[in-house]
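J.: 3D model of this:
(one chain, ligands or ions: 2)
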Amino acid sequence: MTSAPIVPGPVTVRVPAKVNLELLVGPRRDDGYHSLSSVYQALSLYDDVTVGEADEWGVSVSGTLAEGVPTDDDNIALRAARLVADRYDGEPVHVSIRKGIPVAGGMAGGSADAAATLVALDHLWDLGLDREELEEMAAELGSDVPFLVAGGTAMGSGRGEMLAPVLTRGTFHWVLALAEGGLSTPAVYAECDRLREGTDVPEPVATPALMAALRTGDPHELAPQLVNDLQDAAISLRPDLGEVLSDGMEFGALGGVVSGSGPTIAFLVEGTEAGIDLAVALTASGAVRDVRRASGPVHGAHVIHHRVD
Ligand SMILES: C[C@@](CO)(OP(=O)(O)O)[C@H](O)COP(=O)(O)OP(=O)(O)OC[C@H]1O[C@@H](n2ccc(N)nc2=O)[C@H](O)[C@@H]1O
Ligand SMILES: Nc1ncnc2c1ncn2[C@@H]1O[C@H](COP(=O)(O)OP(=O)(O)O)[C@@H](O)[C@H]1O
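T.: Ligands and ions are numbered 1, 2, ... in the order given. The predicted structure is shown next:
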């Protein structure tokens, strides 16, 4: 008896957002990047990225947060697909992105889509890529991309792309205050340089107290350790963010920090109930565009569906 050939159908990968629990920004390097010490945590706010064979290269984006995402070769997910195809002789694919991560919000949504596309193509084309090969292509696409492949909680050095896992206990609960519009990452780094002009900037080193707090699993220990060297620059470009931060603290957050280059603000709360209360208060204040609750750490980019016809 002969059976019909198995045709690999589209692969869907779910990929989380990130928050930087600690983002220490060192001097600007000769290549234009800043040396970083970044402690990333993956949060339960997701993009779903579906990649399938197609007659021509393409990308489409859906969801209420899709505005502002390019649907041409500027889309980093399409760049990721072309990179894998160039290396492994792949045929054209179409990438469909369902956005659940705010765009240009400092939560690495674009990097997440690139990470998801790498994982999807590894699966679709049965490439059997090892961690090193995936991380190397990820780093070529952007400093944050390797972390979105890995997920969990990790420390990033170099320009953020060299990862080491960080031990944590339990689950931390977050409330994310989404802002109107976005902030450009290069513009925020440039503003940080401007604000620090004339000062001696040391090489960044991760804080042992943060690592210890993460091992306790206690949000009261973690809250005072949240720090972001880009925060002043983000607030300098968007002064309204300072008010959102103080509102959130007044409404009961244990700690708050601008996420990466902003403008999203991540508030740490005690648990689910406290998260609901804070989300309600921030929404009622009218000072934010929208509010999301999330928890972390969660897994990095992972296949959730593969249709085989
Ligand atoms: C600030 C952070 C914190 O995690 O995230 P976001 O807030 O953008 O999500 C990252 O450093 C963003 O990483 P990513 O978005 O991957 O940046 P890349 O594409 O590698 O670089 C974009 C631009 O950001 C600046 N850049 C990025 C990384 C770095 N270590 N130093 C830099 O100065 C450079 O101007 C670079 O041209
Ligand atoms: N797949 C993508 N999703 C979101 N933004 C993308 C994507 N591809 C390219 N971009 C561009 O990257 C910029 C930064 O987006 P994003 O990665 O969401 O933010 P951030 O760098 O603040 O974390 C966007 O303004 C957009 O122009």
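
J.: in the protein, what residue lies closest to ligand 2?
T.: Nearest residue of the chain to ligand 2: Gly110, at 2.8 Å (C-beta to the nearest ligand atom). Any C-beta I mention is one placed from the backbone N, CA and C, and that applies to glycine too.

J.: my read: that residue touches Leu148, true?
T.: No: the criterion here is C-beta atoms under 8 Å, and Gly110 misses it with Leu148 at 9.7 Å.

J.: those two: which is more packed in?
T.: Leu148 (30 against 27; other C-beta atoms under 10 Å).

J.: separation between the closest residue to that one other than its chain neighbours and ligand 1?
T.: Leaving aside its sequence neighbours, Leu148 sits nearest to Ala115 (C-beta to C-beta, 6 or more residues apart in numbering; 3.6 Å). Ala115 sits 10 Å away from ligand 1, going by C-beta to the nearest ligand atom, to the nearest Å.

J.: and Ala115, how many neighbours does it have?
T.: Ala115 - counted by other C-beta under 10 Å - has 35 other residues nearby.

J.: Ile97 now?
T.: Ile97: 29 neighbours (other C-beta under 10 Å).

J.: quick check: buried residues in whichever strand or helix holds it?
T.: Secondary structure assigned from DSSP states H and E places Ile97 in strand 93-98. By 16 or more other C-beta atoms under 10 Å, the buried positions in strand 93-98 come out as 93-98.

J.: residue numbers of the stretch 51-200 of the chain in contact with ligand 2?
T.: Selection of the stretch 51-200 of the chain residues close to ligand 2 by C-beta under 6 Å from any ligand atom yields 68-70, 74-77, 97, 103-111, 113, 182, 185.

J.: just give the strands next to the strand holding Ile97 in its sheet, each with its orientation.
T.: strand 34-53 (antiparallel), strand 58-62 (parallel) (DSSP bridges).

J.: for the last one, what is the distance to the chain centroid?
T.: When distances are taken as C-alpha atoms, centre = their mean, to the nearest Å, strand 58-62 is centred 19 Å away from the chain's centroid.

J.: and what of the first one?
T.: Strand 34-53 sits 4 Å away from the centroid of its parent chain (C-alpha atoms, centre = their mean).

J.: so is it next to ligand 1?
T.: Yes: contact of strand 34-53 with ligand 1 (C-beta under 6 Å from any ligand atom) involves 34, 36, 38.

J.: what's the burial count for the first one?
T.: Residue neighbour count, defined by other C-beta under 10 Å, stands at 21 for His34.
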